[in-house]
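J.: I would like the atomic coordinates for the input below:
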Amino acid sequence: MDYFPRINYPEIEQFDVISVTEHFTSMNIAFNNTDYSKAINFAKSMLESTVRWVYLQVKGEDMKDGGSLYSKTKNVVKLLKSHLIGQEFVEEILEKQMDIIGDVGRIRNYTAESHGHADRVAHFEKAQAQYIRQIARNNLNEFNDVN
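T.: Sure thing, here's the model as predicted:
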């Protein structure tokens, strides 16, 4: 099945940022085609596009290339801190969220879709990919709500 019914995720539709929704759609198509490593790769790409888009909205320029997903997320969270109510509590939550987003990036590095590997890599199962996909969707929604 090549079509993923986006209507089931209106929160993503409302985000309406093409660089993000393209990865969202690709992630779900790969998942539906049982290509779980690709689904995880697109989940990471979707998160990175989200972080870069938020940075662009705040700073008026794109982030420099390079660096980990964690470091990019940390830079964006720093920019948003002055806009937060209940800052100390929200900062604690965002710190945990940054760790989760960073972990998605690290998990992606274990997939066959990441950079070249010297050894054969293990392929992820449906439940693992579904979990990463859900984490990516949840984190996308959190950034959408903050911005």
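
J.: C-alpha from now on. contacts and neighbour counts both.
T.: Noted.

J.: Point to the residue nearest the middle of this structure.
T.: The central residue of the chain, meaning the one whose C-alpha is nearest the mean C-alpha position (CA atoms, centre = their mean), is L47 at 1.9 Å.

J.: Reduced to three states, what does that residue come out as?
T.: Counting by DSSP: H, G, I helix; E, B strand; the rest coil, the backbone at L47 sits in helix.

J.: Kindly provide the distance from it to E88.
T.: Taken as CA to CA, to the nearest Å, the spacing of L47 relative to E88 amounts to 24 Å.

J.: returning to that earlier point: pretty sure the residue nearest to the centre of the chain is touching Q134, no?
T.: No - when contacts are counted by CA atoms under 8 Å, L47 is not listed as touching Q134 (11.6 Å).

J.: what comes up buried for the helix or strand containing I29?
T.: Per DSSP states H and E, I29 falls inside helix 18-32. For helix 18-32, the buried set under the neighbour-count rule, 16 or more other CA atoms under 10 Å, comprises V20, T21, H23, F24, T25, S26, M27, N28, I29, A30, F31, N32.

J.: so where's the chain shaky on pLDDT?
T.: Applying pLDDT under 70 to the chain flags the ranges 1-15, 84-87, 112-122, 141-147.

J.: redo that, cut-off 50
T.: Counting by pLDDT under 50, the chain has low-confidence residues at 1-10.

J.: where exactly do the helices run in it?
T.: Counting by DSSP state H, the chain forms helices over residues 10-15, 18-32, 36-59, 69-80, 87-108, 126-146, given from the N-terminal end onward.

J.: most packed of the ones you listed?
T.: Here the criterion is mean neighbour count by mean count of other CA atoms under 10 Å, and of those the winner is helix 36-59, at a mean of 24.

J.: Could you list the residues in contact with that helix?
T.: 19-21, 23-24, 26-31, 61-63, 69, 72-73, 76, 79, 101, 104-105, 107-108, 111-114, 123-126, 129, 132-133, 136, 139-140, 143, 147 (CA atoms under 8 Å, 6 or more residues apart in numbering).
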